[in-house]
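Trainee: next comes the sequence, and after it the predicted model I'd like to discuss.
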Amino acid sequence: MLAVALDAVARGWHVFPVHPESKRPPAFHGQTSCPHTGICATTHQGWEQRAVADPDLVRWIWGSTRYGGCNVGVACGPSNLVLVDLDVPRSPTEQPKDGSRRGEPVRTGADTFRSVCAQAGQPVPLGTLTGATPSGGTHLFYRAPQGVQLGNTQNERGNGLGWKIDTRGHGGYAMAPGSTTPDGPYRITRELPMLDLPTWLVHRLAPRPVTAVSRPVHSAVDRLPAYVTAAIRGEVDKVAAAAPNEHNIVLYVASTALGQLVAGGLLPASRAEVELTTAAVHMITDTCGCTDNEVRRVITAGLRAGAAKPRTAPTRRGAA
């Protein structure tokens, strides 16, 4: 896999080891099992922080006994990359709720993408670096926009593009072409320069502003206090870096923490759910037991547990 990793960094991408013959999350320890030594001496370093683009470091990592056989993950955020993943059904019975759009049948993520483009009155932006996945899906690689931080989306949820379409940006990763699974390799099918992500897709994928609710205590959610924003960031970073065997516990603990803020009137429940769900997208893979329903169940349970212990705003002491 050394050649695969070197090819990726030659494209300007930041890479890290992923479990061999798998697309499971990175082969690093998670937040809850962090020994706080070495690179993590001052703070836990997840896969996004550890991703490297230096060929010498790549040779050292994939030349080691520990990581030599690992697949190659590409950290989309540091790589200024947005991946559009057009998937295919796992079985003939898997179909969208609305089996057609504008009278045309929708059988795959590629069909959905064409329909989304048509509805936006835009051409399908296919003239970019393109890959094929082991399952028969398609990866479209785009340069990320400047000044806008796009996260991850899945299917129709939130600001997602639709059935069988996932996107990966900050907090997400892609499998580098050449990485392999038992179903086959990831490979490049069209070796083209990466296009900038079309502006209309940037707007479509940009996080939607949270609508303030009528209760006064929630009316300023567009500008959350710094300590609430820091708390959100800390919890979602833990979820995004969670190791495979720690998915449920890390997600539950993070959901509980944000549930306390929700119960204290400091954070809208809808915002908490979106943040947690987006951070947990990487947990839903073919090789991991996590599913959409499981992620939602854990988040709901955690928010409910947090509601039992509301967290209120810190009290400022006035001058004597």
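Mentor: On my side now, so go ahead. What you are looking at is a predicted structure, and each value in this text was computed from that prediction instead of being measured. Residues are numbered from 1 along each chain as shown.
Trainee: if I look at the closest residue to Pro123 other than its chain neighbours, how far off is Val124?
Mentor: Take Pro123 and drop its neighbours on the chain: the residue closest to it by CB to CB, 6 or more residues apart in numbering is Cys117, 6.6 Å away. The way it works is simple: take the backbone N, C-alpha and C, and place the C-beta from them, glycine included. Relative to Val124, Cys117 is positioned 5 Å away (CB to CB, to the nearest Å).
Trainee: of these two, who's got more company?
Mentor: Counted by other CB atoms under 10 Å, Cys117 and Val124 do not tie: Cys117 has more neighbours, with 18 against 13.
Trainee: element containing the more buried one, please.
Mentor: helix 109-119 (DSSP states H and E).
Trainee: quick one: low-confidence parts of the protein?
Mentor: By pLDDT under 70, the weakly predicted segments of the chain are 25-33, 44, 97-104, 208-223, 244-245, 285-290, 314-320.
Trainee: the helices in this structure, which residues?
Mentor: 2-10, 47-50, 55-62, 109-119, 199-205, 226-240, 247-263, 269-279, 292-307 (DSSP state H).
Trainee: TSV please, covering those helices and showing distance to Ser179.
Mentor: Shown next, in TSV, are these (distance: least, CB to CB, whole Å):
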stretch	distance to Ser179
helix 2-10	6
helix 47-50	14
helix 55-62	12
helix 109-119	20
helix 199-205	25
helix 226-240	20
helix 247-263	21
helix 269-279	23
helix 292-307	24
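Trainee: okay, the ones you listed, which one's buried deepest?
Mentor: helix 247-263 (a mean of 23; mean count of other CB atoms under 10 Å).
Trainee: follow-up on the earlier one: for His19, find the nearest of the helices of the chain.
Mentor: Of all the helices of the chain, it is helix 47-50 that lies closest to His19, at 11.5 Å by CB to CB.
Trainee: what sits against Ala307?
Mentor: Gly259, Gln260, Val262, Ala263 (CB atoms under 8 Å, 6 or more residues apart in numbering).
Trainee: meant to ask about Gly151
Mentor: Applying CB under 8 Å, 6+ apart to Gly151 gives the contacts Gly169, His170, Gly171, Gly172, Pro207, Thr278.
Trainee: among those, give me the pair with the biggest separation.
Mentor: Farthest pair in the contacts of Gly151, by CB to CB: Gly172 and Pro207, 13.7 Å.
Trainee: still on that earlier bit, what lies in contact with the helix holding Cys117?
Mentor: 84-88, 96, 101-102, 104-106, 123-125, 137-138, 161-165, 204.
Trainee: how distant is it from the center of its chain?
Mentor: 21 Å (CA atoms, centre = their mean, to the nearest Å).
Trainee: for the stretch 101-250 of the chain, which segments count as strands?
Mentor: Along the stretch 101-250 of the chain, counting by DSSP state E, counting those that start in this stretch, strands occupy 104-105, 130-132, 138-143, 153-154, 165-168, 173-175, 180-181, 184-185, 187-190, 195-196.
Trainee: give me the more crowded residue out of Gly172 and Pro207.
Mentor: A count of neighbours by other CB under 10 Å puts Gly172 above the other of Gly172 and Pro207, at 26 against 15.
Trainee: run a quick neighbour tally on the residue nearest to that one when sequence neighbours are not counted.
Mentor: The shortest distance from Gly172 to any non-neighbouring residue, by CB to CB, 6+ apart, is to Asn152 (4.1 Å). Neighbours of Asn152 under the rule other CB under 10 Å: 25.
Trainee: what sits against Ser135?
Mentor: Asp87, Val88, Arg90, Asp183, Asp286.
Trainee: let's go with 10 Å and repeat that
Mentor: Asp87, Val88, Pro89, Arg90, Thr181, Asp183, Gly184, Asp286 (CB atoms under 10 Å, 6 or more residues apart in numbering).
Trainee: right, and the first one touches Gly162 too?
Mentor: Right, the one you point to is Asp87. No. Asp87 is beyond contact range of Gly162, at 11.1 Å (criterion: CB atoms under 10 Å).
Trainee: give the intersection of the neighbour lists for these two.
Mentor: With CB under 10 Å, 6+ apart, Asp87 and Gly162 have common neighbours Gly109, Thr112, Asn155.
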